[in-house]
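Asker: Have a look at this prediction, sequence included:
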Amino acid sequence: MTIAKLARLSEALEKTTSKNEKAEKIAESLSSFDEKNLVVKILSVDYPNNNIGNKRALTWIATAFNVFDDEIKGYVSSFGDLGEAVYQFDEVTVDDNSTNTLSYFYNLITMDCSSINSDSFVKFREGFNGMDSLSKKWFVRYWLSTPRNGVNESTVNKAMTYRYGEKIKPLLTYRKADELIGYAESGTLDKLPKINWFGRFIKPMLAKSFDSNLPDNYIVDTKYDGNRYQIHITEKEIIIFNRSGKTVRCFPDIEAELLRVFSNHTTGQWVFDSEIYPINEDGTPATHQKMGTRVHSKDIDKAMEECPVKIVFFDALVVNNESIMEMPYSDRLKVTEDVWGDLTALQLPDDIESAYVLAIHRGYEGVMIKDADAPYQTKRTKAMMKYKPPRIEIDATIVSAKYGKGKRHDVLGTFEIAVLDEFGDWISLGSVGSGLSDGDLVRLTNTLKRVVEKFEDDVFYTLPRVVLEVTADAITENTNGTYGLRFPRVLRIRDDKSPRDCSTLEELL
């Protein structure tokens, strides 16, 4: 009955408005589950992409019910959500089979669902038809990674703190709840195995926008117009992770330089935060659009020639395989400077306006304001803030696209973008098309065509896979409750960013 129990908990969480109350409810409910690690993993929506989207899910569900797609579509139109539609449509309630453990449930929601003509569909149909109506509802929501109950990783981490005390809180900055919960239950957190940090991607610390409130002690860094990378290095080996945790091998020149500098005076396993940005022939910063040449080219030698780059370091996370993330930023910065010297991000004056003007004059993107006393936090935080002029900058996901006009008639040229609300739903901010080069449009067309869910009225509706960084004068709320952007313009395609790391509606309003 474990799946039904998870469904009842999820239903109760959906009806709870306060995030603190949600966390308390999770903390209290964990006692009734055997597979607690899977409970926190599922509630955090921390599992691999399964290649399912709303359109394909609807077809699979209709086939499992042995009805036409349109019958399920009618319920979706009435109830606005596929999970709720299934719950309302499924008139027969069945008891969970004995095989329906959380492990079974987790395997169902994470298996590859690329094709209905596969073993995956057979397993889906068997498992789905063996669930009661409420379990079906929550299976569909977790299957689509849109639980709509206001619970995310931070809620689960708060629940862990409620249940196991403040001692677990610092551990949650770099370990997952499902990794810790067994030790926490047995009271053996002090016996956690030592982490081998080399090759273990650490979720990055993300910046919020500056809101005029400065920390008591702060450091102003240069903001570079490049891509962020996490560098894992020893005297003989280097691994470069992009912001999404994928390894990249398009910077052999950078790798060679770093190994040379590092091996001259340092040993052990270290992890650093860095930015790699494109430069002109004279070494000055180039526009970010050039990075696409380096990142996506299959001819690395040619890409290095066409897009030379530089690297700068701005944080140290691990020293000799020991985490220093709990140390204040000022101390971590000192470690970074000791190792990398001139390759450390340029420091700027404390006066924010002066620092911004100086950074722009030098050809950089702007400035970062960092709390000198703050530890490294694997979340979006005001301990690291982006200072920007009155125009706003948004990271949003493409959810639909149309072909362009005129000379751009043969590529997708207009893109509807969206951000997440507190329930994990995509909220449209309207469309954007300016700011993209012809090469960008060709690449976006090729990428988006592979993730189309449906085509209707000349619009390609796509899965949320591609992130754009967009600037605009302001976000506006229309009289009908929808949102839009005033004078939006694309700054760049964020290949380094996951849709789950996009801006949220709450942050923008």
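Answerer: Cool, got the structure. Numbering: from 1, shown residues only.
Asker: alpha carbons only for contacts and neighbour counts from here, please
Answerer: Fine.
Asker: In contact with residue 24, which residues?
Answerer: For residue 24, the residues meeting the contact criterion (C-alpha atoms under 8 Å, 6 or more residues apart in numbering) are 159, 162.
Asker: That one belongs to a helix, doesn't it?
Answerer: Yes: for residue 24, which was evaluated using DSSP: H, G, I helix; E, B strand; the rest coil, the result is membership in a helix.
Asker: avg pLDDT for stretch 406-424?
Answerer: Averaging pLDDT along stretch 406-424 gives 88.
Asker: Check which residues of it are buried.
Answerer: Across stretch 406-424, burial judged by 16 or more other C-alpha atoms under 10 Å covers 411-421, 424.
Asker: Verify the stated contact: residue 425 with residue 146.
Answerer: Yes: at 6.7 Å, residue 425 and residue 146 qualify as touching, with contact defined as C-alpha atoms under 8 Å.
Asker: Just the pLDDT at residue 297, thanks.
Answerer: Reading off the per-residue confidence, residue 297 sits at a pLDDT of 87.
Asker: Which residue, other than its chain neighbours, is closest to it?
Answerer: residue 303 (6.2 Å; C-alpha to C-alpha, 6 or more residues apart in numbering).
Asker: Could you count how many residues lie near that neighbour?
Answerer: As a burial measure, the neighbour count of residue 303 was computed by other C-alpha atoms under 10 Å and equals 20.
Asker: circling back: dump the buried residues of stretch 406-424 into JSON lines; add secondary structure as well.
Answerer: JSON lines is the format used below for the buried residues of stretch 406-424 (three-state DSSP):
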{"residue": "411", "secondary structure": "coil"}
{"residue": "412", "secondary structure": "strand"}
{"residue": "413", "secondary structure": "strand"}
{"residue": "414", "secondary structure": "strand"}
{"residue": "415", "secondary structure": "strand"}
{"residue": "416", "secondary structure": "strand"}
{"residue": "417", "secondary structure": "strand"}
{"residue": "418", "secondary structure": "strand"}
{"residue": "419", "secondary structure": "strand"}
{"residue": "420", "secondary structure": "strand"}
{"residue": "421", "secondary structure": "coil"}
{"residue": "424", "secondary structure": "coil"}
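Asker: Can I get those residues in a markdown table including distance to residue 104?
Answerer: As requested, the buried residues of stretch 406-424 are arranged in a markdown table below (distance: C-alpha to C-alpha, whole Å):
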| residue | distance to residue 104 |
| --- | --- |
| 411 | 43 |
| 412 | 41 |
| 413 | 43 |
| 414 | 42 |
| 415 | 38 |
| 416 | 37 |
| 417 | 35 |
| 418 | 33 |
| 419 | 32 |
| 420 | 29 |
| 421 | 30 |
| 424 | 24 |
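Asker: for those, which one is nearest residue 49?
Answerer: Of all the buried residues of stretch 406-424, residue 424 has the smallest distance to residue 49: 15.5 Å, by C-alpha to C-alpha.
Asker: Against residue 395, how distant is that closest one?
Answerer: Look at residue 424 and residue 395: by C-alpha to C-alpha, to the nearest Å, they are 15 Å apart.
Asker: ok so, going back, let me see the contact set for the residue nearest to residue 297.
Answerer: Going by C-alpha under 8 Å, 6+ apart, residue 303 touches 293-294, 297.
Asker: Look at it and tell me its secondary structure.
Answerer: Reduced to three states with three-state DSSP, the structure at residue 303 is helix.
Asker: Can you list the low-confidence ranges for the stretch 151-300 of the chain?
Answerer: Across the stretch 151-300 of the chain, nothing is flagged by pLDDT under 70.
Asker: Would you state the helices of it in chain order?
Answerer: Taking DSSP state H, counting those that start in this stretch to define them, one finds helices in the stretch 151-300 of the chain at 153-164, 177-186, 252-265, 291-296, 300-306.
Asker: The fourth one: which residues count as buried?
Answerer: Buried residues in helix 291-296, counting neighbours by 16+ other C-alpha under 10 Å, are found at 291-295.
Asker: ditto for the first one
Answerer: By neighbour count on 16+ other C-alpha under 10 Å, the buried set for helix 153-164 is 153, 155-164.
Asker: Next, the angle from it to helix 177-186.
Answerer: 10 degrees (axes from the mean of the first three to the mean of the last three C-alpha atoms, to 10 degrees).
Asker: which helices and strands does helix 153-164 pack with?
Answerer: In this structure, helix 153-164 packs against helix 19-29, helix 36-43, helix 177-186, with contacts taken as 3 or more C-alpha pairs under 8 Å, 6 or more residues apart in numbering; DSSP states H and E.
Asker: For those helices, state which one has the densest average packing.
Answerer: The highest mean neighbour count among the helices and strands packed on helix 153-164, using mean count of other C-alpha atoms under 10 Å, belongs to helix 36-43: a mean of 22.
Asker: packing partners for that one?
Answerer: Contacts of helix 36-43 with other secondary structure elements, assessed using 3+ C-alpha pairs under 8 Å, 6+ apart, are made with helix 102-110, helix 153-164, helix 177-186.
Asker: circling back to that earlier point, select, out of the helices of the stretch 151-300 of the chain, the one closest to residue 399.
Answerer: That would be, of the helices of the stretch 151-300 of the chain and by C-alpha to C-alpha, helix 291-296, which comes in at 21.5 Å.
Asker: Tabulate the CA atom coordinates of that closest one in PDB.
Answerer: Only the C-alpha atoms of helix 291-296 are listed here, as PDB (Å, rounded to 0.1, in the frame of the first residue of the first chain):
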ATOM      1  CA  MET A 291      30.700  30.900 -27.100                       C
ATOM      2  CA  GLY A 292      28.300  28.900 -29.200                       C
ATOM      3  CA  THR A 293      31.100  28.300 -31.700                       C
ATOM      4  CA  ARG A 294      33.300  26.900 -29.000                       C
ATOM      5  CA  VAL A 295      30.700  24.800 -27.200                       C
ATOM      6  CA  HIS A 296      28.900  23.300 -30.100                       C
END
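Asker: All set now, cheers.
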